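Participant: I'll drop the sequence and a predicted model, then ask my questions.
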Amino acid sequence: MAVYTSLTFVQINGFLKTYQLGPLLSYQGITAGIENTNYYIKTEQGEFVLTLYEQFTAEQVWPYLQLLKKLSLLESYYPSPIATPEQVILQTLNARPAALFSCLSGVSVSDVSDTQLNAMARALAGLHASSAELSFNPKNTRGLEWMQQSADALYPSLSLADAQLLKDELQFQAKLQEAGLEEGVIHADLFKDNVLFNGDCLSGFLDFYVACYDHFLLDIAITLNDWCVDQQGQFNGRQSALFIQAYQQKKCLRDEELQQLRPFLRRASLRFWLSRLEHQMNPRPGEIALKKSPEKFRDLLIQHRAAPAFL
């Protein structure tokens, strides 16, 4: 989440009238995330989140809203788009597609307890286990093909050491054997700031706008690379083992997947190193936006490359 499009009180209040939620009392931009514009909204009938889609057309965002509607029927911690009395869930505001969501309770956490980690692992396993009934299969637009294209554009701006690391890792990933690895709907961006907790109870599973159809193992690796890394950037093997154990209580991983977890941790590190480099070198104008360090994932990639093949 972020704010790239500034909205006035009058604009937001006019938008809310179609929902019959009462007059706008207050609003505030949300700085977390990097893709869409988001505001906390408070009216006489409660608190909501207003999202303006900066990178999607209405046709492109529609499948994601349908996915969220289906997921919200499975678990209460998924956000569901609110409909107007005419059952409209996607509108236009300031020339951008816009949707309104109930504001889920809870806060994101930085220091994760073992109980919270367990809850997150089981929730991710639940998402993967329900994949077949979601009818959602867009291609991962941040897969290996994109990584190679992104790297080609970034090489001239990198140090010799970083360029060599990038080339070597891309060669490794291109040769990675993927037979026997399950695929389905993945979140693909499950960082701690996309999950809410009330104490140790998971209350919000957010931001599905890069969700796609890919290996479940990639989703696990992306999640581990944020949830099981300490403040100094060190990957925590004990926490990752707890996560995998909790995940398997709800959905079993195949032997082939357990054997390929470290290579996919490397792939997940590579993916976010590249995307953050792109954002850093080609920043988007925004009123408020949270800048994120590419070096975190470069350093994490180096850690995984130097670690034993199996966790």
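Facilitator: That came through fine.
Participant: so how many other residues sit close to residue 129?
Facilitator: Applying other Cβ atoms under 10 Å, we find 15 residues neighbouring residue 129. All C-beta spots, glycine's among them, are computed from the backbone N, C-alpha and C.
Participant: With residue 226 instead?
Facilitator: Residues near residue 226, counting by other Cβ under 10 Å: 20.
Participant: so what's it closest to, chain neighbours aside?
Facilitator: Excluding the flanking residues, the one nearest residue 226 by Cβ to Cβ, 6 or more residues apart in numbering is residue 191, at 4.5 Å.
Participant: was I right about the one you found contacting residue 224?
Facilitator: No - at 11.2 Å, residue 191 does not count as touching residue 224 under the criterion of Cβ atoms under 8 Å.
Participant: of those two, who's got more company?
Facilitator: residue 224 (25 against 19).
Participant: for the closest residue to that one other than its chain neighbours, phi and psi?
Facilitator: Residue nearest to residue 224 in three dimensions, not counting chain neighbours: residue 240, with 5.2 Å by Cβ to Cβ, 6+ apart. Residue 240 adopts backbone torsions of phi -60, psi -40, taken as degrees, to the nearest 10.
Participant: all strands in the chain, in order from the N-terminus.
Facilitator: Secondary structure of the chain (DSSP state E): strands at 24-29, 37-43, 46-52, 91-93, 96-102, 183-186, 195-198, 201-205, 212-215.
Participant: Neighbours of residue 134, how many?
Facilitator: 17.
Participant: Do you know the pLDDT at it?
Facilitator: Looking at residue 134, its pLDDT stands at 95.
Participant: show me the contacts for it.
Facilitator: 67, 70, 71, 185 (Cβ atoms under 8 Å, 6 or more residues apart in numbering).
Participant: which residue sits closest to the residue nearest to the spatial centre of the chain, ignoring its sequence neighbours?
Facilitator: Computing the C-alpha centroid of the chain and ranking residues by Cα atoms, centre = their mean puts residue 189 first, at 2.2 Å. Spatially, and ignoring its direct neighbours in sequence, residue 189 is nearest to residue 210 (4.9 Å; Cβ to Cβ, 6+ apart).
Participant: Just confirm the one you found contacts residue 188, I think it does.
Facilitator: Yes - if you go by Cβ under 8 Å, residue 210 and residue 188 touch, sitting 4.7 Å apart.
Participant: Which residues are in contact with each of these two?
Facilitator: In terms of Cβ under 8 Å, 6+ apart, residue 210 and residue 188 are both contacted by the residues residue 142.
Participant: what about these two, which has more around it?
Facilitator: residue 188 (22 against 18).
Participant: Report the contact partners of that one.
Facilitator: Contact analysis of residue 188 by Cβ under 8 Å, 6+ apart lists 140, 142, 210, 211, 212, 214, 218, 219, 222.
Participant: Any buried residues in the top helix by length along the chain, and which?
Facilitator: When the chain is parsed with DSSP state H, its longest helix is helix 261-281. By 16 or more other Cβ atoms under 10 Å, the buried positions in helix 261-281 come out as 261-277.
Participant: how many other residues sit next to the nearest residue to residue 72 once chain neighbours are set aside?
Facilitator: Spatially, and ignoring its direct neighbours in sequence, residue 72 is nearest to residue 80 (3.5 Å; Cβ to Cβ, 6+ apart). Here the number of neighbours of residue 80 (other Cβ under 10 Å) works out to 17.
Participant: May I have the distance across stretch 133-143, first residue to last?
Facilitator: Terminal residues of stretch 133-143 are spaced 24 Å apart (Cα to Cα, to the nearest Å).
Participant: Would you mark the buried spots in that stretch?
Facilitator: Buried residues in stretch 133-143 (16+ other Cβ under 10 Å): 134, 136, 140, 142, 143.
Participant: now stretch 173-189
Facilitator: Residues 173, 181, 183, 184, 185, 186, 187, 188, 189 are the ones in stretch 173-189 that count as buried (16+ other Cβ under 10 Å).
Participant: Show me the two of those that sit farthest apart.
Facilitator: 173 and 185 (22.1 Å; Cβ to Cβ).
Participant: for residue 46, which residues make a bridge with it?
Facilitator: residue 43 (DSSP bridges).
Participant: now the helices for the stretch 51-200 of the chain?
Facilitator: 58-74, 114-129, 144-154, 160-174 (DSSP state H, counting those that start in this stretch).
Participant: What about residue 110, how many residues nearby?
Facilitator: By other Cβ under 10 Å, the residues close to residue 110 number 8.
Participant: wait, residue 215
Facilitator: Neighbours of residue 215 (other Cβ under 10 Å): 20.
Participant: I figured it was touching residue 181, is that so?
Facilitator: Yes - using Cβ under 8 Å, residue 215 is in contact with residue 181, at 4.8 Å.
Participant: Many thanks, I have nothing further to ask.
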